[in-house]
Structures are given as structure tokens and as C-alpha cells.
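> what follows is a predicted structure for the sequence shown.
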Amino acid sequence: LQSLCAVASCETTDPLPPCKLTEKRQNMAGHVSVTDVDAAAKRLKQYIHRTPLLESIALNNLTGARILVKAECLQKAGSFKIRGAMNRVLCLSPEEKKKGVVAFSSGNFGQGLAAACGILQVKCTIVMPGDAPESKQERARSYGARVVLSDIVPGINREVSAAEVAQGLASSEQLTLLHPFEDLDVIAGQGTCALEISEQCREVGAQPDALIIPIGGGGLTAGCCLAVQREMPACKVYAVEPEGYDDHVRSLAAGKRLAVEGSPPSICDSLQAVSPGANTFPITSKCLAGATAVSDAQVRHAMQVAFETLQIVLEPGGATSLAVVLSQKLPMEIQAKTICIVASGGNLDLAKFAKVLGCKQGVESQRGAARTRGLSRCLGAGALGALGVLAALLLLRNPSPPPTPPS
């Protein structure tokens, strides 16, 4: 096992516990523990950002609580997903690396895996639902991945269709199929987010009463639960998901895994797993203090508040944790306390950001700073400073053409 991890680039200057056994990963069997999260943290240290834990006086005043925001939207590849993806790729066998990997993803795991494979020079194929945001498709391609789109079939969950295509490619092309949340090494990698939160809370003298985590299949929540139980045992963990995809709310109440029926509409494209994970639910069902669901309108409001008070751009799924706080869906005894939230991702382009927030101008077709005028009317005067920064970035990316010389 030690030699396997050495070949897979898992070694650092300090000796590491071995990666999960290959046969356990393939069979989706076995257990993941906080020891695996510790090992993942050592493995990942040179590859990922230690994202900031943000605090805003304005946000605290608005909510009446102390809100600490783990800004995973500022992570490499735009979300927390690179943590689990990189840890898993680092633990590939030499033969698996040589043949390449395939995964299904609505966007963020695909981008995280594509970025990880690009860094480690492993061939990568990502299967995305046909309606995945164009920006997420293009970003995965920019990292060097091959992107395959699955069909959108009315009445069939988009993630299920993508998974079937990925499984077919794994079989026909002898690729290693990586799961976005069931894989044990992925779960361990995602848990490093909570290890950082615990360290950063100690650094600022905070003792969080609650940690709120967006949940799809449960990989991030399960990994974070393992770390929280040891590092912050008094902290209660809550999960949040979009309305229509409230499978964890219903599963926790029933005491067993329940699936989403059909394909409900939601702006939270990154949180549309069909059911809690078989490997994640045994962890989350014991750890979670509760779960709740938020509406599209509540998510839109949270995206705006994050932009105005924290100067960060969140994709809809990444804003669900803040939406819980703003909509006062936490138990009363938690609402005025110290609350950590994971802002899990920020992968969306300017046009979608404007569209989600209800801006009706054609921001996509305009150039430079002119694109932000419609946004200022949607977001209000409080966002004008941030819009100035955004306008400058847009001008750098899309400079106005030089003036035509006189004839």
C-alpha cells in the first residue's frame, strides 16, 4: 500500500496513511473515518487553496447573528469539489492513471476533476447533462477534459441519464469510473473543508454553534461531519437542499434513503442528486442535527446579499446555506448564535448571474462596463462598489476595440 501511494504521488515530507484499497473503492464498500480526512489534508496541501473564512459586519447586522462564511467559491476550479476529486486522482493506481478516468457531473465535480487531472496529467472524460451551463462545459474543456453531453429526457432525472452514459464509456473504453460523492477517497477529500473551518475558527476566537452545508449526494456533508465530530463536537451540523430535491429532509424523517421523483425544476443545478448516497447517508443520518429545503426565491435573495455584503459571486447551489440563515429556517435557539456556512461554489457566468437575479437587459451581448448597468438596477446601490470591480475585470477580459483610424 505504501508503494501504491508513492507511485500515485500521495507522499509528502511526512509519512502518510495509505490511500483506500482499490478493491474497496471499486466495490463502494468499507468505511471512511476522520483519519482518512487527515491523510487527505496532507495529500492536498500543495494542490488546493486554504479558502478564506469571511465575516461581514453588514451581514451580521442583517441576520442578528455572527456569520462566518467559508468561501469555497474562491477555491481552485470554483468550488469545493476539487478537494475530493484531487484526493481521488492522487490515489489512482499507475494502471488507472494510464487508461484515464470518467465521471458524471452537472458541472462542479466535472470541473474539479478536470482541473485535478490536468494538473496530474491524467486523461479525463466528463459526462454532463445536456442542459448543464455552457460556462461549466467550456471551463472543463479548458482544463483539458473531454466533455460528453447526455440527453435530457422528460420525467427522468438528469443525473441518472448522465450516470448511465458515464458507465457505458467506462465499460467500452476501459476508463476508471469516479463517483462524485460515493467514492470513499472523495468523501475524505471533501472533509478537509471542515478541518480548515475548525482551524480558522480557532484563529479568530470563534466557537460555532452551527455549521450549514449545501447537500446533493452528501459527500461534502459526510466528510465534514467526520471532522466536526472531532474538532468541534459542540457544533451542530445542518444540511440544506433545494425545494423539489429535498430527499435528505424526507430520508432523515423516514430513517432510510428516499429518492427524488421525476425531475423537478430548480435553479440549483449543482444540487440535483437523485438520492442520498449509499456511503454518505450512514454518516449524515447519525451526524446531522437536521435538514431543510429552500426555494428559488430564497436562493436568489441570498445570492444578492452575498454579492452586496461579502463581495462574492455564488452560484445558486452555493448560496443555499446563506438562504437558510436569511429565511430564518434554523431552530430558534441557533438563530442568534455563531453560525458557519459553506458557500460551496461560484461557477456561473455573468449572463446567468444576471438572469437568475431577474435582470432583463441583454448583459451577454454588451461589452465591458456596459454589461453591469442592468445589474446595478437589479442589485441596488449597495452593490455599486463591487460592480465597479466587476466592470474593471470585464474590461480586462473583453477590452473595447481600438478606435478606427481616420481615413
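On my side now, so go ahead. Residues are numbered from 1 along each chain as shown.

> switch to C-alpha atoms for all contacts and neighbour counts from now on
Noted.

> any idea which element residue 241 lies in?
Residue 241 is part of strand 236-242, with elements assigned from DSSP states H and E.

> what does residue 334 give?
Residue 334 is part of helix 332-335 when elements are defined by DSSP H and E.

> pull the distance from that helix to the chain's centre.
26 Å (CA atoms, centre = their mean, to the nearest Å).

> for that helix, name the packing helices and strands.
In terms of contact count using 3 or more CA pairs under 8 Å, 6 or more residues apart in numbering; DSSP states H and E, helix 332-335 is assigned no packing partners among helices or strands.

> before we move on, back to that, which strands and helices sit next to the strand holding residue 241?
Applying 3+ CA pairs under 8 Å, 6+ apart, one finds that strand 236-242 contacts strand 210-214, strand 290-294, helix 320-326.

> what does the first one contact?
Applying CA atoms under 8 Å, 6 or more residues apart in numbering, the external contacts of strand 210-214 come out as 220-221, 235-241, 271, 317-318, 320-321, 334, 338-344.

> show me what counts as buried in the helix or strand just after that strand.
Scanning the chain past strand 210-214 towards its C-terminal end, the next helix or strand to appear is helix 219-231 (assignment: DSSP H and E). Of the residues in helix 219-231, those with enough neighbours to count as buried (16 or more other CA atoms under 10 Å) are 219-228, 231.

> what's the helix or strand for residue 342?
With DSSP H and E as criterion, residue 342 is part of strand 338-343.

> run through who's touching that strand.
65-73, 206-214, 314, 318-322.

> pull the helix or strand with minimum mean pLDDT from the protein.
helix 2-7 (a mean of 33; mean pLDDT, DSSP states H and E).

> show me where pLDDT drops low in the stretch 151-300 of the chain?
Using pLDDT under 70 as the threshold, the predicted model of the stretch 151-300 of the chain has no low-confidence range.

> can you give me the helices for it?
In the stretch 151-300 of the chain, the segments counted as helices under DSSP state H, counting those that start in this stretch are 158-173, 184-190, 192-203, 219-231, 247-254, 281-287, 296-310.

> identify the residues contacting the second one?
Applying CA under 8 Å, 6+ apart, the external contacts of helix 184-190 come out as 19-20, 25, 28, 31-34, 36-37, 40-41, 44, 80-81, 83-88, 91, 180-181, 219-220, 222-224, 279-280.

> and the residues you listed, which of them are buried?
Buried members of the contacts of helix 184-190, counted by 16+ other CA under 10 Å: 19-20, 25, 32-34, 36-37, 40-41, 44, 80-81, 83-88, 91, 180-181, 219-220, 222-224, 279-280.

> restricted to strands, list these.
Taking DSSP state E as the definition of strands, these contribute nothing to them.

> which residues touch residue 283?
Residue 283 makes contact with 222, 225-226, according to CA under 8 Å, 6+ apart.

> do residue 265 as well
Taking CA under 8 Å, 6+ apart as the definition, contacts of residue 265 comprise residue 244.

> distance check, residue 181 against residue 215.
From residue 181 across to residue 215, the span is 10 Å (CA to CA, to the nearest Å).

> ok, now residue 273?
The separation that residue 273 has from residue 215, given CA to CA, amounts to 9 Å.

> for these two, indicate the residue with more neighbours.
In terms of neighbours (other CA atoms under 10 Å), residue 215 is the more surrounded of residue 273 and residue 215; the figures are 31 against 25.

> do I have it right that that one meets residue 272?
No: under the criterion of CA atoms under 8 Å, residue 215 lies out of contact with residue 272, with a separation of 9.1 Å.

> leaving out chain neighbours, which residue sits closest to residue 98?
Computed as CA to CA, 6 or more residues apart in numbering, the closest residue to residue 98 that is not its neighbour in sequence is residue 122, at 7.1 Å.

> check residue 33 too.
With sequence-adjacent residues excluded and distances taken as CA to CA, 6+ apart, residue 33 is closest to residue 226, at 6.6 Å.

> any idea which of the helices of the stretch 151-300 of the chain is most buried?
Here the criterion is mean neighbour count by mean count of other CA atoms under 10 Å, and of these the winner is helix 184-190, at a mean of 30.

> and that helix, how far out from the chain's middle?
Going by CA atoms, centre = their mean, the spacing between the C-alpha centre of helix 184-190 and its chain's C-alpha centre is 13 Å.

> next: stretch 182-190.
Computed by CA atoms, centre = their mean, the chain-centroid distance of stretch 182-190 equals 13 Å.

> ok, stretch 220-237 next?
Between the mean C-alpha location of stretch 220-237 and the chain-wide mean there is a distance of 17 Å, by CA atoms, centre = their mean.

> returning to what we had before: ok, now how distant is the residue nearest to residue 33 from residue 139?
Applying CA to CA, the value for residue 226 to residue 139 is 31 Å.

> same deal with residue 336?
For residue 336 relative to residue 139 (CA to CA), the value is 39 Å.

> then residue 90?
Using CA to CA, we find residue 90 at a distance of 21 Å from residue 139.

> so between the two, which is more surrounded?
For residue 90 against residue 139, the residue with the higher neighbour count under other CA under 10 Å is residue 90, and the figures read 25 against 19.

> now do the more buried one, the pLDDT please.
Model confidence at residue 90, expressed as pLDDT, equals 97.

> before we move on, what about residue 137?
87.

> backbone dihedrals for it, please?
The phi/psi pair for residue 137 (degrees, to the nearest 10) reads phi -60, psi -50.
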